[in-house]
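*Asks:* predicted coordinates and the sequence they were generated for:
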Amino acid sequence: MRLTIDDVRSRFIKHFDGTTGTIYAAPGRINLIGEHTDYNGGFVFPGAVEQGMIAEIKPNGTRNIRAYSIDLKDYYEFSLDDEKGPRSTHFRYIFGVAREMMKRGVKVEGFDTAFAGDVPLGSGMSSSAALESTYAFALNDMFGGNLDKMELAKVGQATEHNYIGVNCGIMDQFASMFGQKGSLMRLDCRSGEYEYFPWNPKGYKLVLINSCVKHELVGSPYNDRRQSCENVVNAVKANKPNVETLRDCTWDDLESVKDKVSEVDYRRAKYVLGEVDRVLAVCDALKAGDYETVGEKMYETHEGLSKDYEVSCEELDFLVELARDCGVTGSRIMGGGFGGCTINLVSNELYATFVQECKVQYKKKFGKACKIIDVFIGDGARKLS
């Protein structure tokens with residue numbers, strides 16, 4: 001069952017004295033290809049999904065936020081003027097967004113809010129960006145802000161950096177803000193330029209297989225991967241001071257510093273340069289209707305993420321190999337890694353067999369069930385009522 005406005009409104013009325021507010025929503029996202037390239041200035045190719053976050057919000061005339069998490073049955077009240085904010089992560093996202101909006105001149109006041117989501121937590125579909133984008137869009141609208149969508153995406157990114165401790169790129173928040181039903185987006189993370197690509201592949205479906213392995217970026221090796229990339233950039237800068245990210249580096253640049261960086265850092269950078277090339281190849285393939293090449297590049301991405309970037313795990317590698325054995329066109333890990341989902345480009349005639357094989361073989365191998373998530377591309381952050 002999909003989350004509805006009524007699911008949120010009924011709880012808001014119950015917890016906030018029978019009143020109602022305004023309802024906003026923002027989606028999670030998938031990413032067809034282009035993983036760990038956003039903070040390296042490269043390209044990504046995401047789309048918003050129909051699953052997301054819904055929040056009801058009403059100003060309360062104070063400087064306090066009174067927030068109720070419907071999913072976690074948890075309530076917390078905190079002040080906008082408290083420098084530290086709440087410790088609980090789900091409330092800390094809201095606090096961080098409010099503080100980042102205030103930094104940008106939006107006159108945020110206290111409000112009551114209830115929120116819920118149907119993005120599977122830890123799946124790599126970016127439930128956190130959905131939460132950040134919901135509140136950034138809402139507070140901009142509710143308190144007379146004039147920030148554009150890109151700046152609102154940056155509010156979400158800054159919340160991750162400054163209040164959660166994840167040094168993420170801009171992709172997740174961008175996709176949640178800019179999503180359009182029926183379209184994927186290619187974002188150039190260096191220039192901020194983006195282009196919509198119609199997504200209605202005839203004869204194919206996108207499906208996620210959730211490994212149900214906990215996907216957790218806070219305190220994970222995610223930040224270590226980013227540091228590896230920066231180490232290579234700093235080595236290249238010695239001879240090319242204008243280089244700012246790996247996107248600015250050529251293959252020759254990488255080879256020129258191979259003996260000046262660690263073997264691990266070299267492999268991380270090799271993956272990123274290859275991924276930048278793969279995104280552009282997929283764009284060309286989509287324009288030509290060549291889904292076999294799209295799938296081939298997805299498998300190549302998984303190989304790089306597993307062997308060079310080392311953000312996969314046994315369960316995800318198993319699911320990708322199972323996809324290959326079933327004849328699935330393309331499959332790879334999706335998201336930051338360390339758990340979560342694989343994203344699969346499956347021909348319609350193989351879909352039912354593949355899904356059944358995943359259910360049976362995964363349970364047999366790991367003693368637990370995987371979850372099937374069909375992908376439908378939806379709209380970005382918006383007001384619902």
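*Replies:* Structure's in. What do you need?

*Asks:* just the helices in the stretch 1-150 of the chain please.
*Replies:* Under the criterion DSSP state H, counting those that start in this stretch, helices of the stretch 1-150 of the chain are mapped to 5-15, 89-103, 127-142, 149-159.

*Asks:* how much distance is there from the third one to the middle of the chain?
*Replies:* For helix 127-142, the distance from its own C-alpha centre to the chain's C-alpha centre is 14 Å (C-alpha atoms, centre = their mean, to the nearest Å).

*Asks:* which residues of the stretch 101-250 of the chain score low on pLDDT?
*Replies:* 122, 215-220 (pLDDT under 70).

*Asks:* so which residues of it form strands?
*Replies:* 111-117, 183-188, 194-198, 204-210 (DSSP state E, counting those that start in this stretch).

*Asks:* turn those into a markdown table, columns for distance to residue 321 and mean neighbour count.
*Replies:* No exception for glycine: its C-beta is placed from N, CA and C like everyone else's. Listed next are those as a markdown table, based on distance: least, C-beta to C-beta, whole Å; neighbours: other C-beta atoms under 10 Å:
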| stretch | distance to residue 321 | mean neighbour count |
| --- | --- | --- |
| strand 111-117 | 31 | 25 |
| strand 183-188 | 26 | 22 |
| strand 194-198 | 29 | 14 |
| strand 204-210 | 12 | 22 |
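
*Asks:* redo those strands as TSV? Include distance to residue 103.
*Replies:* Listed next are the strands of the stretch 101-250 of the chain as TSV, based on distance: least, C-beta to C-beta, whole Å:
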stretch	distance to residue 103
strand 111-117	18
strand 183-188	24
strand 194-198	25
strand 204-210	35
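
*Asks:* ok, which of those comes nearest residue 230?
*Replies:* strand 183-188 (19.8 Å; C-beta to C-beta).

*Asks:* buried set for the helix or strand where residue 277 lies?
*Replies:* Per DSSP states H and E, residue 277 falls inside helix 263-287. Using 16 or more other C-beta atoms under 10 Å as the test for burial, helix 263-287 gives 265-276, 278-283, 285-286.

*Asks:* what angle do that helix and strand 183-188 make?
*Replies:* Here helix 263-287 runs at an angle of 130 degrees relative to strand 183-188 (axes from the mean of the first three to the mean of the last three C-alpha atoms, to 10 degrees).

*Asks:* chain center to helix 263-287, what's the gap?
*Replies:* 18 Å.

*Asks:* avg pLDDT for it?
*Replies:* What helix 263-287 shows for mean pLDDT is 96.

*Asks:* what element comes up after that helix heading to the C-terminus?
*Replies:* Past helix 263-287, the next helix or strand by DSSP H and E is helix 291-307.

*Asks:* which of the residues in the following helix or strand past that next one are buried?
*Replies:* Sequence-wise, the next helix or strand downstream of helix 291-307 (DSSP H and E) is helix 314-325. By 16+ other C-beta under 10 Å, the buried positions in helix 314-325 come out as 315, 316, 317, 318, 319, 320, 322, 323.

*Asks:* and of those, the nearest to residue 335?
*Replies:* Residue 335 lies nearest to residue 316 out of the buried residues of helix 314-325, by C-beta to C-beta, at 10.1 Å.

*Asks:* for residue 365, which residues are in contact?
*Replies:* Going by C-beta atoms under 8 Å, 6 or more residues apart in numbering, residue 365 touches residue 318.

*Asks:* can we see that at 10 Å?
*Replies:* 314, 315, 318, 319, 322 (C-beta atoms under 10 Å, 6 or more residues apart in numbering).

*Asks:* and what of residue 91?
*Replies:* The contact partners of residue 91, by C-beta under 10 Å, 6+ apart, come to 65, 67-69, 72, 74-78, 85, 113, 115.

*Asks:* then residue 354?
*Replies:* Taking C-beta under 10 Å, 6+ apart as the test, what residue 354 contacts is 205, 207, 209, 322-323, 325-328, 331, 344, 346-347, 372.

*Asks:* now residue 108
*Replies:* Neighbours of residue 108 in contact, by C-beta under 10 Å, 6+ apart: 59, 63, 65, 80, 97-102, 135, 139-140, 142-143, 145.

*Asks:* that older thread, wait, which of the strands of the stretch 101-250 of the chain is closest to residue 352?
*Replies:* In terms of C-beta to C-beta, the element of the strands of the stretch 101-250 of the chain nearest to residue 352 is strand 204-210, at 10.4 Å.

*Asks:* strands paired with the closest one, and their directions?
*Replies:* Strand pairing for strand 204-210, determined by DSSP bridges: strand 341-347 (antiparallel), strand 371-374 (antiparallel).

*Asks:* what about the longest one, average pLDDT?
*Replies:* In other words, strand 341-347. 97.

*Asks:* could you dump that strand to PDB, C-alpha only?
*Replies:* C-alpha atoms of strand 341-347 as PDB (Å, rounded to 0.1, in the frame of the first residue of the first chain):
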ATOM      1  CA  CYS A 341      19.500  -2.700  -3.400                       C
ATOM      2  CA  THR A 342      20.600  -3.800  -6.800                       C
ATOM      3  CA  ILE A 343      19.000  -2.000  -9.800                       C
ATOM      4  CA  ASN A 344      18.100  -4.300 -12.700                       C
ATOM      5  CA  LEU A 345      17.100  -3.600 -16.300                       C
ATOM      6  CA  VAL A 346      15.000  -6.600 -17.200                       C
ATOM      7  CA  SER A 347      13.200  -7.600 -20.400                       C
END
